[in-house]
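Enquirer: coords please:
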Amino acid sequence: MAKRVGVILSGCGRRDGSDPAETLLALLVIERAGAVAVCAAPDGDQKAVVDHLGGEVTGAPRNVRSEAARLAGSPVLPLAALDTNTVDALVIPGGEGALTLLSNYAEKHELCQVDPEIARLLRALLTAHRPMGFVGLSALLAARVLGPVAGVRVTLGSRGTPASKHAAIMGADVRPCTADDVIADQKARVTTTPGFLVEGARLAGVARAIDRLVRVVVADAKDRAAAPTVVGPKPSVAGGERSSNERSPNERPPSERPSGERPAVVPAVSPAISSVEPRRRPRAARRY
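Expert: Numbers count the residues shown, from 1 in each chain. You can find the predicted model right below:
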């Protein structure tokens, strides 16, 4: 069976949800790697909808799952549906939704709280040794949940950014990284890449890094066991194996014969006599 990779989304939009480019690149590589993406998102309203052209907050709040469905192209499950039984690995794309919808980092910074369902899932995957990948700002979720318990190694681009400093305070081992590279924590099975956090990052470089990250995550995931084959009783087929009632008395074992029944006596057949006379050896010629 194909490996199932959970993908947590936070809407649609780099400034108020999941980064569309990072999300679609991750979904593409998951499919190319032969795995199946299982998308999920919080089932609530966005706190703010941002106009990506001008940056102003506009319009009424939108449902996060409904917005995430714009990117997923498939049903988006609630976060509670993800656990170690439904997914073999996890990937979380970046975008500022990780700061406002998947956590309250935008308000509390290093003292933020992560969505309880996400925190539960990350701890369960860490305990079960399942691989996880984080792109861009979503690495702050790993730093906050896994930093205190595992000192997880992550990257948020340059070391001197506020996000990198806050992740270090949370307990993570923060490393600098370029947009086209990844940082891997083999012990915790966590792989991160900065995505578009790096100044001047280009789509081609980000795509190479996400390709590498997703392939590492999928390769580290364990194969799902195939469903067991159910073997039923052999049917009685005409011309095939006969039941005990269909067998002749001679074919039935003594335990299956009715009392008093004896096998029929079959007379012995003498071997057939060949009608062809055997060849006789020629007599030797007499000498006179």
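
Enquirer: got the contact list for residue 2?
Expert: 34-36, 224 (CB atoms under 8 Å, 6 or more residues apart in numbering). (Glycine included, C-beta is placed from N, CA and C.)

Enquirer: hmm, 6 Å instead?
Expert: Listed by CB atoms under 6 Å, 6 or more residues apart in numbering, the contact set of residue 2 reads 35-36.

Enquirer: Name the SS class of residue 37, please.
Expert: Put simply, residue 37 is strand when judged by DSSP: H, G, I helix; E, B strand; the rest coil.

Enquirer: where along the stretch 151-288 of the chain do the strands fall?
Expert: Along the stretch 151-288 of the chain, the stretches classed as strands by DSSP state E, counting those that start in this stretch are 153-154, 173-174, 183-185, 190-193.

Enquirer: Tell me which of these sits nearest to residue 66.
Expert: Proximity to residue 66 (CB to CB) singles out strand 190-193 among the strands of the stretch 151-288 of the chain, at 27.9 Å.

Enquirer: Tell me the strands beside the closest one, with direction?
Expert: Strand 190-193 sits in its sheet next to strand 132-135 (parallel), strand 183-185 (antiparallel), going by DSSP bridges.

Enquirer: Which stretch among the ones you listed is buried most, on average?
Expert: Stretch with highest mean neighbour count among the strands paired with strand 190-193: strand 132-135 (a mean of 31; mean count of other CB atoms under 10 Å).

Enquirer: contacting residues around that strand?
Expert: 22, 90-94, 125, 142, 190-193, 195, 213, 217.

Enquirer: for the helix ranked longest in the chain, packing partners?
Expert: Looking across the chain with DSSP state H, the single longest helix is helix 203-220. Here helix 203-220 touches helix 20-32, strand 190-193, going by 3 or more CB pairs under 6 Å, 6 or more residues apart in numbering; DSSP states H and E.

Enquirer: Highest mean neighbour count out of these?
Expert: Highest mean neighbour count among the helices and strands packed on helix 203-220 (mean count of other CB under 10 Å): strand 190-193, a mean of 30.

Enquirer: Dump that one to CSV, restricted to CA.
Expert: Output in CSV follows, covering the C-alpha atoms of strand 190-193 (Å, rounded to 0.1, in the frame of the first residue of the first chain):
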residue,chain,number,x,y,z
VAL,A,190,12.8,16.1,11.3
THR,A,191,13.8,17.9,8.1
THR,A,192,13.4,21.6,7.6
THR,A,193,14.0,24.2,4.8
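
Enquirer: And the average pLDDT for it is what?
Expert: For strand 190-193, mean pLDDT is 98.

Enquirer: got it, and stretch 82-90?
Expert: 95.

Enquirer: Distance from that stretch to the middle of the chain?
Expert: Relative to its parent chain, stretch 82-90 has a centroid offset of 7 Å by CA atoms, centre = their mean, to the nearest Å.

Enquirer: again with stretch 6-16
Expert: For stretch 6-16, the distance to the chain centre is 20 Å (CA atoms, centre = their mean).
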